[in-house]
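Engineer: could you look at this predicted model? Sequence included:
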Amino acid sequence: MYKMPRFSLTNLTIIIILFSVFKSHAQNDTEFWFAAPDNVHAPSSGNIRDEPLKFRFTSFDQNANITISQPANPTFTPINLTVTANNTITQNMTNLKSIIECQPANNIVNYGLLIQSSSPITAYFENTSPSNPDIYTLKGRNAIGRSFIVPSQLDFAQEYSSSVPNSFYVIATKDNTQVQIIPKKAIVGHNAGQQFTITLNAGQVYVATAIDRNAANHLGGSQVSANKDIAVVVNDDSADPYAPDLMGDQTIPNNRLGENYIVVQGNIGEGSSTTRDRVYIFGSENNTMVYRDGNLAPVANIHKGTSYSFEFLESEESTFIESNKPILVYHMSGFNGQPGAAVLPPIECTGSDIIAFTRSEADDFYLMVITEAGNEDDFILRGSTNLLKASDFHNVPGTGGDWKAAKKQYTTGQIPVGVASVIENTSGLFHLGIINGETQRYCRYGFFSNFASLNLGPDIDYCKGDTVTLDAGSDMDTYRWYDNDAPTTVISTEQSIDIWDTGTYFCVVTYEMCMPSDTIHLGWRADPTPDLGADTAACREDVVTFSPGSYNSYLWFDGSTNATYDSPTSETIWVKVWDAYGCRNSDTVVRTTLAYPPPTMIYHD
């Protein structure tokens, strides 16, 4: 039942951008929010399982100046890095483990991390423990949203009594964020199915952790929503389908989900392992029909927060998943019994034409590649057209030959360790997954391709008098911008437009036989309200101190920049102030000097 439309119009969502969208690269960006999971340090086996902890950043054709900060923790010293063009840099975070790993459960902690870059980069967080590693691919603005279904595997418990139970972490990107959580199963401090609300400031993280390590109490299907933009990270410490290993990822919001997915079987079932790859499908709406491999009969009818899962057969190389409503697909793969997990991108109107990645270890390394038919012979990997060829691909079942997939192993000579590798396609878009593992020791698994074709970024208010540039990204075929007050009138056909008023705007683009769209809402921040008080009269010898209130910066009429001004004489005094967002306002006051009273004659009898 192959029904994927060639033209797709995504649901409109209210979001905004102040910087460019990069359509053609991987899930690169200039800003990333992340909450580092907590994992067991060393169980009874003695193997260290939660360090070293590292960020890996890869640049494209520009140098990137990168800052890692903790917005909610003023004692954190920002880390500044520079990665040169087309290169990779690794930042070891192990010495900061006690203030970046988010714990304890049912607490709000100030450990959320913000990564900002002067130019586009790909970024991922890696637990590089030789016994319990995995990678968390940071998805930039594609990870930011206001409504989430939390994924997890639902079949395997954590191995050790000291393992951290299945958890998810909610990080706020703005102050005073109201977050509602409905846990699918009981979490520490809250019962299953009972909604509760927490308030987070920018950079704060709420830690939700299952009450025990049993698979039956895993948290897949939990619902998280907020009135401002948040991100969510999921984690499974030392999960044990055959051999214990870490599984986790940063997930995507409901407005980034799709209805068509392709899953390529990895290597978890190789060797002596009796477990094969498993796929977990979560509904974001009620009465969601799920289909596999083009069959007319659905394999499941799932509802919001419920799931359907299946295990690959040994003979299956890949599978095509369709639904009538948006779904979240979570894939447990791995290497020879060692699991890893990844949130998968939908294939409709998404993907990349160039991706930069880094091989972490010299052990077995596989690429999983998905693309439309006609693109399979046009890959360039590390400058070579011979490392990934048409003969490496197979037809994805149920797609009528329209989609191709490949899983291919590479040596360290073909893809070296620790350096930037680039894969591109000269004909169209593709998706890329990576498995890096070793028998009976570990597995890293993640997807690096673009999770959204058009994403204008999260909501933001701006200061009155400023101009906002809205950018729909380069390399689109056509652009059409609209003002929601006149939704049938095209106001621009350019890639970007300048807006200086509040309102709702949306853009429809065409590229690669698709018509994605997105909507933005511009709102004004409240102006600062400096108050110098009423006009004042004082004696000639008195000095009067004026203060407008507490702000980020000041400019007085005499050029001084102090928080207060001491006036010694009659004068008109004005001050301009700027708040933390750069919004400005002013106030004026007049100070006059009182005349001395006339002398009074005193007569003595």
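Structural biologist: It's in.

Engineer: quick one, what contacts the most centrally placed residue in the chain?
Structural biologist: For the chain, A143 is the residue whose C-alpha lies nearest the centre (Cα atoms, centre = their mean; 2.8 Å). With contact set as Cβ atoms under 8 Å, 6 or more residues apart in numbering, A143 has these partners: F32, W33, A231, V232, Q250, T251, I252, P253. The C-beta positions use only the backbone N, C-alpha and C, and glycine is treated the same way.

Engineer: same thing but 10 Å
Structural biologist: Residues near A143 by Cβ atoms under 10 Å, 6 or more residues apart in numbering: 27, 29, 32-34, 137, 171, 229-233, 249-253, 256, 343, 451.

Engineer: same question, W403
Structural biologist: Going by Cβ under 10 Å, 6+ apart, W403 touches 2, 4, 260, 262, 318, 320, 347, 370-373, 375-376, 393, 395-397.

Engineer: filter those to the buried ones?
Structural biologist: With burial judged by 16 or more other Cβ atoms under 10 Å, the buried subset of the contacts of W403 is 2, 4, 260, 262, 318, 320, 347, 370-373, 375-376, 393, 396-397.

Engineer: show me those residues that map onto helices.
Structural biologist: Among the buried ones among the contacts of W403, no member falls in helices (DSSP state H).

Engineer: just give me the least confident of those residues.
Structural biologist: The lowest pLDDT within the buried ones among the contacts of W403 belongs to M4, with 47.

Engineer: ok, how many other residues are close to the closest residue to S333 other than its chain neighbours?
Structural biologist: Nearest residue to S333, sequence neighbours excluded (Cβ to Cβ, 6 or more residues apart in numbering): G266, at 3.2 Å. Neighbourhood size, G266 [other Cβ atoms under 10 Å]: 26.

Engineer: same question for I68.
Structural biologist: Using other Cβ under 10 Å: I68 sits among 23 other residues.

Engineer: mind checking how far it is from T306?
Structural biologist: Distance, I68 to T306, using Cβ to Cβ, to the nearest Å: 38 Å.

Engineer: again, but for Y551
Structural biologist: 50 Å.

Engineer: just P416 next, same as before
Structural biologist: When P416 is compared with T306 (using Cβ to Cβ), they lie 44 Å apart.

Engineer: same question, V83
Structural biologist: Distance from V83 to T306, by Cβ to Cβ: 43 Å.

Engineer: more neighbours: which of the two?
Structural biologist: When neighbours are counted by other Cβ under 10 Å, V83 and T306 differ, and V83 comes out ahead with 23 against 17.

Engineer: got the contact list for the more buried one?
Structural biologist: 56-59, 62-66, 89-91, 117, 119, 121, 420.

Engineer: next one, pLDDT for the nearest residue to G248 once chain neighbours are set aside please.
Structural biologist: Distances taken as Cβ to Cβ, 6+ apart put N235 closest to G248, at 4.1 Å, once the chain neighbours are dropped. Looking at N235, its pLDDT reads 96.

Engineer: same question, S44
Structural biologist: 66.

Engineer: ranges for the strands of the stretch 101-250 of the chain?
Structural biologist: With DSSP state E, counting those that start in this stretch as the criterion, the stretch 101-250 of the chain has strands at 108-109, 113-127, 134-138, 145-149, 167-172, 177-182, 196-200, 205-209, 223-239, 245-250.

Engineer: mind putting the ones you listed in JSON lines, distance to R540 and mean neighbour count included?
Structural biologist: Formatted as JSON lines, those follow (distance: least, Cβ to Cβ, whole Å; neighbours: other Cβ atoms under 10 Å):
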{"stretch": "strand 108-109", "distance to R540": "55", "mean neighbour count": "20"}
{"stretch": "strand 113-127", "distance to R540": "53", "mean neighbour count": "22"}
{"stretch": "strand 134-138", "distance to R540": "64", "mean neighbour count": "28"}
{"stretch": "strand 145-149", "distance to R540": "60", "mean neighbour count": "23"}
{"stretch": "strand 167-172", "distance to R540": "54", "mean neighbour count": "28"}
{"stretch": "strand 177-182", "distance to R540": "53", "mean neighbour count": "18"}
{"stretch": "strand 196-200", "distance to R540": "52", "mean neighbour count": "15"}
{"stretch": "strand 205-209", "distance to R540": "58", "mean neighbour count": "25"}
{"stretch": "strand 223-239", "distance to R540": "53", "mean neighbour count": "25"}
{"stretch": "strand 245-250", "distance to R540": "66", "mean neighbour count": "29"}
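
Engineer: for G523, find the nearest of the ones you listed.
Structural biologist: strand 223-239 (11.8 Å; Cβ to Cβ).

Engineer: give me the subset of the contacts of W403 lying in strands.
Structural biologist: The strands, defined by DSSP state E, take in N260, I262, S318, F320, I370, T371, E372, N395 from these.

Engineer: in the sheet, which residues pair with the third one? Tell me.
Structural biologist: With DSSP bridges as the criterion, S318 is bridged to V264.

Engineer: contact partners for the residue nearest to G248?
Structural biologist: Counting by Cβ under 10 Å, 6+ apart, N235 has contacts 35-39, 102, 127, 134, 136, 152, 164-169, 209, 219, 246-249, 341.

Engineer: rewinding a little: nearest to N386 among the strands of the stretch 101-250 of the chain would be which one?
Structural biologist: Judging those by Cβ to Cβ, what sits closest to N386 is strand 113-127, at 24.5 Å.

Engineer: low-confidence ranges in the stretch 151-300 of the chain?
Structural biologist: In the predicted model, the stretch 151-300 of the chain carries pLDDT under 70 at residues 271-272.
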